[in-house]
Every structure is written in structure tokens, then in C-alpha cells.
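Student: got a predicted structure here, sequence first:
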Amino acid sequence: MRHGNLFVISGPSGAGKGTLVARLLREMDDAWVSVSVTTRSPRKGEVEGVHYFFVDDAEFDRLISVDGLLEWANVHGCRYGTPRATVEEHMARGEQVVLEIDVQGGFQVRASMPEARLIFIEPPTLEVLEARLRGRGTETEDVIEKRMETALLELSRKMEYDIRLVNDDLDEATAELVAYIDEQAESN
């Protein structure tokens with residue numbers, strides 16, 4: 001059995017983090033993705049406990065007060081956080097725990113768990129990123145503009161991550177992600 005590790009996957013909205021994580025889960029038997037809590041409303045097709053745990057502000061405040069979140073952040077007017085207990089339980093089982101979170105959350109995790117490995121997923125270009133966001137058909141023009149502004153800030157911090165993967169070719173990016181996690185899991 002491999003030693004449990006914590007991997008933070010961050011990058012701009014539309015960089016393909018979710019797609020890469022889904023592929024990682026199919027390729028790696030001991031990988032587990034943490035389900036975040038959020039104060040935002042569910043999007044069409046999102047399932048409680050699968051995509052997120054949807055909570056109100058009072059419950060989110062309670063989790064903060066009891067140190068129940070490994071990290072949390074305010075993103076686009078809503079709060080997101082990672083339940084601490086489940087992450088620690090899965091790591092103790094020897095699993096490769098993956099957090100798909102934003103940049104500010106990633107640095108909070110690094111501060112509280114320095115052994116965490118931070119992986120930054122970036123788009124090949126800003127034009128591709130914008131096209132991906134528009135292709136979703138789920139955001140308003142204002143939201144797309146806000147996400148593009150946030151993307152520039154996030155991209156400015158990518159060099160602070162342990163590894164950066166450009167998601168241009170999905171198969172290649174998946175192979176690089178799996179290889180990195182395997183290498184880190186085997187080195188412990």
C-alpha cells in the first residue's frame with residue numbers, strides 16, 4: 001500500500017481541471033477527490049454530495065468556527081471549503097487525496113499542510129480559455145469577464161506551484177498528471 005498524499009489541483013475556471021480529475025480517477029485506483037462545501041446554489045445537473053455539499057452561510061460559519069475546514073475561500077461572491085476530517089481519513093487509508101480548489105485555497109492548504117503538492121492546470125492561451133467559458137453556455141457576460149480577470153491573477157501565481165501542466169492535449173495532460181502523482185506517491 002502506498003503512503004497517503006495530498007494533491008491540490010488549481011487553475012483558472014475553464015482550464016479543464018474537472019475533466020483531468022475525472023480522467024485521473026479512472027486511471028488511478030487509490031485516488032480520491034474531496035467534495036467541497038459551498039454556499040452557492042447548485043448548477044443544473046449538480047448532485048448534493050457528489051459535486052458539492054450545498055450549505056447556507058450559517059452552516060459554513062459553524063464549520064469555520066470548529067476548524068472543520070482545511071481551507072476556505074470566497075470566490076465570485078460565494079464561499080467554498082474543504083472538509084478537514086474526510087481528507088485526513090482518506091490520507092490515513094493510503095489514498096492519493098485530490099483537492100480541486102482555487103489558488104487562494106491552495107495556498108491555505110500549503111500553509112496548514114506543507115507536505116501537500118500543488119499542481120497548476122493552465123490553458124494553452126487566454127483565447128482558448130475564454131472560448132471554453134463561452135462554450136459552457138452557463139455564465140453571463142459579466143461572469144465571463146470576472147472569470148477572465150480572476151484567471152489573469154491566478155496565472156500570475158502559477159510559478160509558486162510545484163508543477164504546471166498545460167491542458168492543450170487532453171491525453172498528454174492526463175498522462176503527465178497521473179505520472180506526477182504516481183511519482184510522488186512512490187517516493188514516500
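Tutor: It's in.
Student: quick check: L69 touching R79?
Tutor: No - applying C-beta atoms under 8 Å as the test, L69 and R79 come out as separate, 9.5 Å apart. Glycine gets a C-beta too; all of them are placed from N, C-alpha and C.
Student: point out where this protein drops to low pLDDT.
Tutor: For the chain, residues meeting the criterion pLDDT under 70 lie at 1, 188.
Student: which residues does the most centrally placed residue in it contact?
Tutor: Compute the mean C-alpha point of the chain, and by C-alpha atoms, centre = their mean the closest residue is E100, 1.3 Å away. Counting by C-beta atoms under 8 Å, 6 or more residues apart in numbering, E100 touches 9-10, 17-18, 21, 33-34, 36.
Student: please flag which of those residues sit within helices.
Tutor: Applying DSSP state H to those, the entries found in helices are 17-18, 21.
Student: list buried residues within these.
Tutor: Buried by 16 or more other C-beta atoms under 10 Å: 17, 21, out of those.
Student: more crowded one of L69 and R79?
Tutor: Set L69 next to R79 and count neighbours by other C-beta atoms under 10 Å: L69 wins out with 23 against 20.
Student: how about the helix or strand harbouring Q184, which residues are buried there?
Tutor: According to DSSP states H and E, Q184 maps onto helix 170-186. Going by neighbour count (16+ other C-beta under 10 Å), the buried part of helix 170-186 is 173-174, 176-178, 180-182, 184-185.
Student: need phi/psi at the nearest residue to Q108 once chain neighbours are set aside.
Tutor: Closest residue to Q108 apart from its sequence neighbours, by C-beta to C-beta, 6 or more residues apart in numbering: E71 at 3.7 Å. The phi/psi pair for E71 (degrees, to the nearest 10) reads phi -160, psi 160.
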